[in-house]
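A.B. asks: Below is the sequence, then the predicted model.
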Amino acid sequence: MVLMVLRKAGAAAGAAAVVAVGFTAVVVLGTYAASGTPRQASSHLALSGKTVPAEYRSTIERWGVLCAEISPPMLAAQLYQESGFDPRAKSPAKAYGMAQFLEGTWATYGTDGNGDGKRDIWDPSDAIASAATYDCALAKDVSKVPGDRQANMLAAYNAGPYAVIKNGGVPPYRETQGYVKNIQALARNFTAPAVGSSISLSRQAAGAIYYAQTKLGTDYLWGGEGLPSQNGRFDCSGLTRAAFESVGITLPRVANDQWNAGPHPSRDQLSPGDLVFFASDPEDPRSIHHVGIYVGGGYMIDAPHTGAKIRYDTIDQREYYGATRVTADGAEALPVRGDDGSITAGQGPAKS
């Protein structure tokens, strides 16, 4: 994101300034990572199914255990917030690639992730490896700071290692505290539930369903958000956004971006109020094109298409992709993408 990539250059400079932390260790870590042999972390949180494009999943799983302070879900959350997994992403701040590195920061931390002898800022394998390498270098810089080691590392990513060391932990900067909270919340959305565990029901689910039910029979409108100027009409994601807005949770406008607003229950774990998604590619969340609100019994309320009305539909369709149990923290953490390609942090606090 624009704010974060600007921090990256400052963080690198901060690391060089803090001699007591041991910059030599950072160089060693970068060399170790460049060998293409990430070490195993003490705990390996698994990625939730279909949260990451299939072509990048194994690389994120491999490099997401480079050091104990990161995990595959956390690394995926960072990459999603930086670029939405777009390897050709460019920002107005002149940050490039999936991990949105500035060229100066890339010169220090760029890593040959696929072993082809090149460090290519546009290559997804190299970008993913470099993001993990950079995270672990920062973790090493602040390793002697007390508190949550992952939170300290994320704070160093945003504000620079010196700020974390000076403050003895996450510094009292609103932007930095928000960044740490957002990435850790997004990481939970990318984490596969433990075997035998259940995902808590949203207390706002019933209210979202009630809102959607009041719109049954309303005509579909492409781009519709229920505005008076649109005669109260909706498209699919406009309806789901308005339904959750009615209970104090702000979702992004587009179905594709609503997918990561919470953890992902399996088909047999669905509960009323879950968002259900449909995609043209069964292995790529970027291909999501439709969303509805599950009401139970295999049915959803959705705004289907031009010429139709908001109605009950079965979810058991060929392009069913998966579901999201929306949480206030998960929705708040989602990045906001501007028309100019810029990406900013979470959308702001939920209303309740």
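C.D. replies: Sure thing, it's come through. These numbers come from a predicted model, not from an experiment.
A.B. asks: Please count neighbours and contacts with C-alpha atoms only from this point.
C.D. replies: Noted.
A.B. asks: roughly how far out does stretch 324-335 sit from the chain middle?
C.D. replies: Its chain's C-alpha centre and that of stretch 324-335 lie 10 Å apart, by CA atoms, centre = their mean, to the nearest Å.
A.B. asks: Also stretch 311-327?
C.D. replies: 20 Å.
A.B. asks: Please work out the average pLDDT along it.
C.D. replies: Averaged across stretch 311-327, the pLDDT comes to 95.
A.B. asks: Also stretch 69-81?
C.D. replies: Here the average pLDDT along stretch 69-81 is 96.
A.B. asks: Only the C-alpha atoms, please, for it, written as PDB.
C.D. replies: Extracted C-alpha coordinates of stretch 69-81, given in PDB (Å, rounded to 0.1, in the frame of the first residue of the first chain):
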ATOM      1  CA  GLU A  69       7.400 -14.300  13.700                       C
ATOM      2  CA  ILE A  70       5.600 -14.900  10.400                       C
ATOM      3  CA  SER A  71       3.200 -17.600   9.100                       C
ATOM      4  CA  PRO A  72       1.700 -18.400   5.700                       C
ATOM      5  CA  PRO A  73      -1.600 -16.700   6.600                       C
ATOM      6  CA  MET A  74       0.100 -13.500   7.800                       C
ATOM      7  CA  LEU A  75       2.300 -13.400   4.700                       C
ATOM      8  CA  ALA A  76      -0.700 -13.900   2.500                       C
ATOM      9  CA  ALA A  77      -2.500 -11.100   4.400                       C
ATOM     10  CA  GLN A  78       0.400  -8.700   3.800                       C
ATOM     11  CA  LEU A  79       0.500  -9.500   0.100                       C
ATOM     12  CA  TYR A  80      -3.300  -9.200  -0.200                       C
ATOM     13  CA  GLN A  81      -3.200  -5.800   1.400                       C
END
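A.B. asks: Which helix or strand lies directly C-terminal to the helix or strand that contains residue 74?
C.D. replies: Taking DSSP states H and E as the criterion, residue 74 maps to helix 72-83. Elements were assigned by DSSP H and E; along the chain past helix 72-83, the next helix or strand is strand 95-96.
A.B. asks: Parallel or antiparallel, which strands does the helix or strand just after that next one pair with?
C.D. replies: Going down the chain from strand 95-96, the next helix or strand is strand 101-102, by DSSP H and E. According to DSSP bridges, strand 101-102 forms sheet pairs with strand 95-96 (antiparallel).
A.B. asks: helices or strands up against the helix holding residue 74?
C.D. replies: Judged by 3 or more CA pairs under 8 Å, 6 or more residues apart in numbering; DSSP states H and E, helix 72-83 is in contact with helix 54-63, helix 124-141, helix 174-189, strand 343-344.
A.B. asks: Buried deepest among these, which one?
C.D. replies: helix 124-141 (a mean of 26; mean count of other CA atoms under 10 Å).
A.B. asks: per-residue confidence averaged over the helix or strand following it?
C.D. replies: Next helix or strand after helix 124-141 toward the C-terminus (DSSP H and E): helix 149-159. For helix 149-159, the mean per-residue pLDDT is 96.
A.B. asks: Contacts for helix 149-159, please.
C.D. replies: 4, 7-8, 10-11, 69-70, 135-136, 138-139, 142-143, 145, 161-164, 169-171, 176-177, 179-180 (CA atoms under 8 Å, 6 or more residues apart in numbering).
A.B. asks: ditto for stretch 264-275
C.D. replies: Contacts to stretch 264-275, defined as CA under 8 Å, 6+ apart, come from residues 48, 189, 192, 198-199, 201-202, 204-206, 208-209, 240, 291-296, 322-326.
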